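1. Structure of the sequence below:
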Amino acid sequence: MIRTSLDLGGLPEGVRIVGRVTMALPNGYCGLPLQQACPHANACLTCPVFVTTPDFLTEHLKHLKSTKRLITQAQSAGQTRVVEMNLRVATNLESIIATIQTTSADDGEHGDAN
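-> Presented below is the predicted three-dimensional model:
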């Protein structure tokens, strides 16, 4: 495993991450240099035409968990830009998750989302 500036414990053995990890994604990590701004960073989470359903709740929960882990590690490393970028993502995911859970409860679905 190639080391990054953050310890991403919990990755499967043999997973290689090249460069600095700046953002957790549902299917990997973004390695965009901190000096650059990406207009697409998790853009779907704030897009007015993004559609999700309770079928994707597990993925949203996993994404939030990896984002929070990255925030904690970045805070410990003093990487304020990484923290800032990921706090917005976490807030968006928390809103999406709450909406799904509320809508599911209102519709009478009784699944454990956690």
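2. Do a quick rundown of the helices in this protein.
-> Using DSSP state H, the helices assigned to the chain run over residues 57-76, 80-106.
3. for the ones you listed, which one sits closest to Pro48?
-> Closest to Pro48 of the helices of the chain is helix 80-106 (C-beta to C-beta; 12.5 Å). Quick note: C-beta positions are derived from backbone N, CA and C, even for glycine.
4. ok, and for the closest one, which residues are buried?
-> Within helix 80-106, the residues that qualify as buried are 82-83, 85-86, 89-90, 92-93, 96-97, 100-101, 104, counting by 16 or more other C-beta atoms under 10 Å.
5. To Cys30, which of the helices of the chain lies closest?
-> helix 80-106 (9.0 Å).
6. So what's the gap between that closest one and the chain middle?
-> Distance of helix 80-106 from the chain centroid (C-alpha atoms, centre = their mean, to the nearest Å) equals 9 Å.
7. same thing with stretch 39-58?
-> On C-alpha atoms, centre = their mean, the centre of stretch 39-58 falls 11 Å from the chain's centre.
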